[in-house]
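A.B. asks: Sequence and predicted structure below; questions after.
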Amino acid sequence: MRFGPRALVAAEVVALAVIVAVHVGLLTRLLHSATWFDEGVYLLSLEDLRHGQALGRQVFTSQGPGFYVLLQAIGAVFGVTVAGVRLGIVTVDAIGAIFAFLLGRRLAGPVGGLACAGMIAFAPKLPDFGGRIFADAPAMVLVLAALWLASLRRPLPACAVFAAAVLVKVSALTALPTVLVLIALRRDRGRALLEGAAGAALLIAVVALVYIHDLEGIWRGAVSYHLHSKGNLGFDGRHELEGFFAPKTPFSWLTLAALAVLPLVWRRVWPFWLWAALASVFILRYHPLRDNHLLVLPYAFAIPVGVSLGLAARRLGTRALAVALAGGALVFAAGSVQQLHRVRLDLQPEDPRLVAAAARLAQVTRPDQLVITDQPIVAFLAHRRVPGNYVDTASLRFDTGSLTEAEVLRDSEHVAAVVAGRAFYDRRSLRSKLRTRFRHLLQLPGAWVFYGH
């Protein structure tokens, strides 16, 4: 039985729709779950930006400026709530699966496109962290868009989009060699590289002009701050890499299958394995390593694995291809169910102690008053803004010297309340001095609330 071109295209579209739907379904399982510390940081940053504070100059900028531009766009469309901003991130992730399909299809046909998108849909770590408010996944989506444009031989927009990815998250640089190789493989490589450099330079110049008065603060927060934090402890990269490729995951099975067929297809796919290799080196060497940093792995491996399998499928006969597609569908189903069970373990409500602290903070302060807190989500849930320098009050800022106890005490004179439940609370001298600055103290289970000068 033979199928006409229209039937094949329809089947391809349906398969892609199923893959994207599964991807979105997994990502939205945690839409209303407890927030991570960094999510509170970005939500407070978004609130301050919406109220006119300047990025870098006033609002502490722990990521590239591109991420905050994206957050503002998401906030305008989906609303500035935990679920709203997360839903915006999920939407970006869904677009990433489509770009993966387009890239894979361009290089290895429909099977390759579906394989790339499917690998992303059930990849480990993405359901746990891909739908949360982190910069990592959006940066990888932009990398996919840049690679697709490079495969279309559009060096100028490809490098402009890649520069945007780097301005969202620096870990996008792991794909730089792949982008350059794809452009350099053209016959007119000199002209193509010049066009690519012009595209990247143009995008960076536009961003620099927009933030011309804030570049020093942006650099200090997005670059210097992270360089100074290298000595701090984080996860062990080797352990995390081994955990990502656990033998029981279908993602690992397909990665091994792609490596097995690599000698047959390496000429078309080797530039993309460069990205996978550098992403692995990044995980092994970066300090301090956090959970969200692992989001580079699903994207960096999904593309070379999907393209390799797609190219290998072209060598199969009709019956063998049908068997391979059926097997691939079963593996996709198994991987999706596995990730669904895994993500359910993280489905927890917001810490009731932080919710209670937010409620009491709202009671003892007015909506027009500023507060300072070392638990960002408390201020956000209380609908209270913070001075821009205090959107991020992690212990790492004290460790790197970008925030000091003296600064906190000085600025506490100009706010209505200070909440200590994390970094502030761990510093006994800071707690004792804050007690002398405020008339009232609420000693709640999850935080101390100082208020009333």
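C.D. replies: Yep, that arrived. Residues are numbered from 1 along each chain as shown.
A.B. asks: average model confidence for whichever strand or helix holds I218?
C.D. replies: Using DSSP states H and E, I218 sits within helix 215-219. Average pLDDT, helix 215-219: 91.
A.B. asks: In PDB, list the C-alpha atoms belonging to it.
C.D. replies: Taking C-alpha atoms only, helix 215-219 is exported to PDB below (Å, rounded to 0.1, in the frame of the first residue of the first chain):
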ATOM      1  CA  LEU A 215      26.400  48.700  30.300                       C
ATOM      2  CA  GLU A 216      28.700  48.900  33.300                       C
ATOM      3  CA  GLY A 217      26.100  47.600  35.700                       C
ATOM      4  CA  ILE A 218      25.000  44.900  33.300                       C
ATOM      5  CA  TRP A 219      28.500  43.700  32.800                       C
END
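A.B. asks: and whatever helix or strand comes next after it, what other elements does it pack with?
C.D. replies: Downstream of helix 215-219, the next assigned helix or strand under DSSP H and E is helix 225-228. Secondary-structure packing of helix 225-228 (3 or more CB pairs under 8 Å, 6 or more residues apart in numbering; DSSP states H and E): helix 395-400. The C-beta positions use only the backbone N, C-alpha and C, and glycine is treated the same way.
A.B. asks: residues of the helix it packs on that come out buried?
C.D. replies: Residues of helix 395-400 classed as buried under the neighbour-count rule (16 or more other CB atoms under 10 Å) are 396-398, 400.
A.B. asks: Could you list the low-confidence segments of the stretch 101-250 of the chain?
C.D. replies: 230-233 (pLDDT under 70).
A.B. asks: next one: phi and psi at the residue positioned nearest the centre of the chain?
C.D. replies: Nearest residue to the geometric centre of the chain (CA atoms, centre = their mean): D136, 2.2 Å. The phi/psi pair for D136 (degrees, to the nearest 10) reads phi -60, psi -50.
A.B. asks: Equivalent analysis for Q443, please.
C.D. replies: Dihedral pair for Q443: phi -90, psi 90, per degrees, to the nearest 10.
A.B. asks: tell me the pLDDT at it?
C.D. replies: pLDDT at Q443 comes out at 94.
A.B. asks: Would you mind extracting the C-alpha trace of stretch 137-146 into PDB?
C.D. replies: What follows is stretch 137-146 as a C-alpha-only set of coordinates in PDB (Å, rounded to 0.1, in the frame of the first residue of the first chain):
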ATOM      1  CA  ALA A 137      15.900  27.000  27.800                       C
ATOM      2  CA  PRO A 138      15.000  30.300  26.000                       C
ATOM      3  CA  ALA A 139      18.700  30.700  25.100                       C
ATOM      4  CA  MET A 140      18.800  27.200  23.700                       C
ATOM      5  CA  VAL A 141      15.700  27.800  21.600                       C
ATOM      6  CA  LEU A 142      17.400  30.800  20.000                       C
ATOM      7  CA  VAL A 143      20.400  28.600  19.300                       C
ATOM      8  CA  LEU A 144      18.100  26.200  17.500                       C
ATOM      9  CA  ALA A 145      16.700  29.100  15.400                       C
ATOM     10  CA  ALA A 146      20.200  30.300  14.600                       C
END
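A.B. asks: quick check, distance from that stretch to the centre of its chain.
C.D. replies: In terms of CA atoms, centre = their mean, to the nearest Å, the centre of stretch 137-146 is set 10 Å apart from its chain centre.
A.B. asks: can you tell me the helix or strand for the residue lying closest to L347 once chain neighbours are set aside?
C.D. replies: Nearest non-adjacent residue to L347, counting by CB to CB, 6 or more residues apart in numbering: S33, 5.4 Å away. Assigned by DSSP H and E, S33 falls within no helix or strand.
A.B. asks: how is the protein carved up into domains?
C.D. replies: As given by automatic domain parsing, the domain ranges for the chain are 5-30+61-344, 352-451.
A.B. asks: in the stretch 251-400 of the chain, which spans are helices?
C.D. replies: Assigned by DSSP state H, counting those that start in this stretch, the stretch 251-400 of the chain shows helices spanning 296-313, 318-344, 352-364, 376-381, 395-400.
A.B. asks: Any chance of JSON lines for those helices, columns mean pLDDT and distance to E242?
C.D. replies: Converted to JSON lines, these look like this (pLDDT from 0 to 100; distance: least, CB to CB, whole Å):
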{"stretch": "helix 296-313", "mean pLDDT": "97", "distance to E242": "12"}
{"stretch": "helix 318-344", "mean pLDDT": "93", "distance to E242": "17"}
{"stretch": "helix 352-364", "mean pLDDT": "96", "distance to E242": "33"}
{"stretch": "helix 376-381", "mean pLDDT": "97", "distance to E242": "32"}
{"stretch": "helix 395-400", "mean pLDDT": "90", "distance to E242": "26"}
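A.B. asks: Pipe those into a markdown table and attach distance to Q63 per row.
C.D. replies: Compiled in a markdown table, the helices of the stretch 251-400 of the chain are given as follows (distance: least, CB to CB, whole Å):
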| stretch | distance to Q63 |
| --- | --- |
| helix 296-313 | 14 |
| helix 318-344 | 24 |
| helix 352-364 | 23 |
| helix 376-381 | 14 |
| helix 395-400 | 14 |
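A.B. asks: and A201, which of these is closest to it?
C.D. replies: Checking those against A201 by CB to CB gives helix 296-313 as the closest, at 24.7 Å.
A.B. asks: Output the contacting helices and strands for the closest one.
C.D. replies: By 3+ CB pairs under 8 Å, 6+ apart, helix 296-313 packs against helix 82-121, helix 136-151, helix 250-285, helix 318-344.
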